[in-house]
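>>> model this:
(chains A, B, C and D)
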There are 2 protein chains.
Amino acid sequence: MSDMLIHAFQTHPMFNGISLTSCQTLMNCLGCREKSYKKDQIIPASENSARQIGIVISGCVHTIKEDIWGRCTFLTYTGDDGVFGEVLIGENLSERGIIFRAAEPTTVLFIPADRILHPCRNSCPFHHALSRNLFDMISRRNVALTEKIEITSKSSLREKILAYLSLEAQKAGSMKVTVPLSRSEMADYLCTNRSALSRELANMKKDGILDYDLRTFHLLQVPESK
Amino acid sequence: MSDMLIHAFQTHPMFNGISLTSCQTLMNCLGCREKSYKKDQIIPASENSARQIGIVISGCVHTIKEDIWGRCTFLTYTGDDGVFGEVLIGENLSERGIIFRAAEPTTVLFIPADRILHPCRNSCPFHHALSRNLFDMISRRNVALTEKIEITSKSSLREKILAYLSLEAQKAGSMKVTVPLSRSEMADYLCTNRSALSRELANMKKDGILDYDLRTFHLLQVPESK
DNA sequence: CTGCATGTGTTGCATACGCAACATAGTTGT
DNA sequence: ACAACTATGTTGCGTATGCAACACATGCAG
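Numbering: from 1, shown residues only, chains lettered A, B, ... in the order given. The predicted model follows:
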């Protein structure tokens, strides 16, 4: 077993609570396969026609959506310690135009989906941990998606900014937060553009709603209701 | 056991593949509780401090988000045959300002989350079905949320409309689709307003991109790239 | 029939915001 | 020290679109 794989076992959230000593057994029991891809190579949605969950051991996988006219849009990226394909398990939807592509040289560990959800007849102790971890990851993504929708569905840019900063402040438990995004990334996240974001932030500072410097924001007062 | 509950067992996706004869055993084994709420009553996120999954037996539950200034926004609704609270399983986030409220007289069946994920020591046969069903429901919601983000993050209204109709067409497997939303609902979904939507649809018809009558749309040609 | 409610289409106006272009500061490499 | 690059802020312009107001059709109740 490669060093990279061992490292993944120790750090990847999918293997949370599973001891390193079980990992060889686990690999065999689940029928995992490790596979490497070159940059820009397409990762087939389901190799061997069995549904797989892909665990990114190293590198980065982009999830891309192709519409009925063949036009592609970038959906998300999955760095190492990430998982892809997990929500598609219950769906007969490899035909829905979802494409996975290695954004850089990437190694993936595939686990057959049904082996995670079905307990095996040896009832290996890690089965339960695996399915629990899978639930956790999907749930977390679910929360993240809901947050993003909550934010971007505000009608004005100012409301979007406030929703975003309010959420970050709630997470931080403080009215003063340092956000993990650069201005351009924040603009992308809020579905606006960088200059408009800068402009509106300046307006809000002028209006006394908040103060900021680079990535650090300080929420000052309740904004008047929309 | 109430008639309503029996009906839920027979129709709710959470009990897919579980025979009606198991349901009394299931209720006991899982420690389910049935509870009713009046209109506008708040449903505590976790009764008894144990995390619960709420299954809407009848009525409707609204999920509401409260920001740090106490301003509330409507997130989603969960009608009967729905589930709420499931995204919170992996998170210690009852403190994140998510509120559940009965939108009308509502009956809810609570199932402790850990009893679904952990196999019980009797290893009742339905445990596996339950966790599989829960997984499916969460995944489906995840896909729905991703779709919504994919659509609403387009920069122009025309692109949003095309993304939405493209997705519906993909689902229907046809360039001709009848959408399940009224104009106002569609406008809400696309994060725009009804008149702007009507206007842009008229423009697109004029440009020969599509044809439509009320809820039926016909995609005619590849729109030029943005 | 009349009146009211609902769903949809149309249009004029004002403006928030996308976009492009430029300015400034910090960082890195040579 | 200089160039090159990146991150952020600023500003002017044009327009897409939010909003409000009105028109029209359908259906339902009395």
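>>> all contacts plus neighbour counts: C-alpha atoms, from now on.
OK.
>>> where does residue A:147 fall, phi/psi-wise?
Dihedral pair for residue A:147: phi -60, psi -50, per degrees, to the nearest 10.
>>> that one: neighbouring residues, count only.
When neighbours are defined as other Cα atoms under 10 Å in any protein chain shown, residue A:147 has 16 of them.
>>> check it and give its pLDDT.
Per-residue confidence (pLDDT) for residue A:147: 88.
>>> now do residue A:123
68.
>>> ranges for the helices of chain A?
Using DSSP state H, the helices found in chain A span residues A:3-11, A:23-30, A:113-117, A:126-152, A:157-172, A:183-189, A:194-206.
>>> counting by contacts, list what the third one packs against.
Think helix A:113-117. helix A:126-152 (3 or more Cα pairs under 8 Å, 6 or more residues apart in numbering or on different chains; DSSP states H and E).
>>> for DNA strand C, what are the nearby residues on chain A?
A:155, A:156, A:157, A:158, A:191, A:192, A:193, A:195, A:196, A:197, A:200 (Cα under 7 Å from any atom of the strand).
>>> neighbours around the closest residue to the last one other than its chain neighbours, how many?
On the basis of Cα to Cα, 6 or more residues apart in numbering or on different chains, the spatially nearest residue to residue A:200 that is not a chain neighbour turns out to be residue A:158, at 6.7 Å. By other Cα under 10 Å, 17 other residues sit near residue A:158.
>>> before we move on, what about residue A:114?
17.
>>> about what we covered before: any idea which of the residues of chain A next to DNA strand C is closest to DNA strand D?
Checking the residues of chain A next to DNA strand C against DNA strand D with Cα to the nearest atom of the strand, the nearest one is residue A:195 at 4.0 Å.
>>> quick one: that closest one from chain B, how far?
Here residue A:195 is placed at a distance of 15 Å from chain B (Cα to the nearest Cα, to the nearest Å).
>>> ok, that residue to residue A:184 distance?
Remark: distance between residue A:195 and residue A:184 (Cα to Cα, to the nearest Å) = 9 Å.
>>> contact partners of stretch A:192-207?
Contact partners of stretch A:192-207, identified using Cα atoms under 8 Å, 6 or more residues apart in numbering or on different chains, comprise A:157, A:158, A:183, A:184, A:186, A:187, A:188, A:210, A:211, A:212, B:155.
>>> how near is the closest residue to the fifth one other than its chain neighbours to DNA strand D?
Nearest non-adjacent residue to residue A:186, counting by Cα to Cα, 6+ apart: residue A:194, 7.9 Å away. Summarising the geometry, the distance separating residue A:194 from DNA strand D, computed by Cα to the nearest atom of the strand, to the nearest Å, is 7 Å.
>>> now do residue A:154
Separation of residue A:154 from DNA strand D (Cα to the nearest atom of the strand) stands at 10 Å.
>>> what does residue A:101 give?
Using Cα to the nearest atom of the strand, residue A:101 is found at 23 Å from DNA strand D.
>>> thinking again about what came up before, neighbour-wise, which of the residues of chain A next to DNA strand C leads?
residue A:197 (21 neighbours).
>>> tell me the pLDDT at that residue?
Residue A:197 carries a pLDDT value of 97.
>>> could you do residue A:133 as well?
You'll see residue A:133 listed with a pLDDT of 88.
>>> partner residues bridging the closest residue to residue A:99 other than its chain neighbours?
Computed as Cα to Cα, 6+ apart, the closest residue to residue A:99 that is not its neighbour in sequence is residue A:64, at 5.0 Å. Following DSSP bridges, residue A:64 is listed with bridge partners residue A:74, residue A:99.
>>> related to what we said a few turns ago, of the contacts of stretch A:192-207, buried ones?
Among those, the ones that count as buried by 16 or more other Cα atoms under 10 Å in any protein chain shown are A:157, A:158, A:183, A:186, A:187, A:210, A:211, A:212.
>>> poorly predicted segments of chain A, please.
Along chain A, segments meeting pLDDT under 70 span A:1, A:46-50, A:89-95, A:121, A:123, A:223-226.
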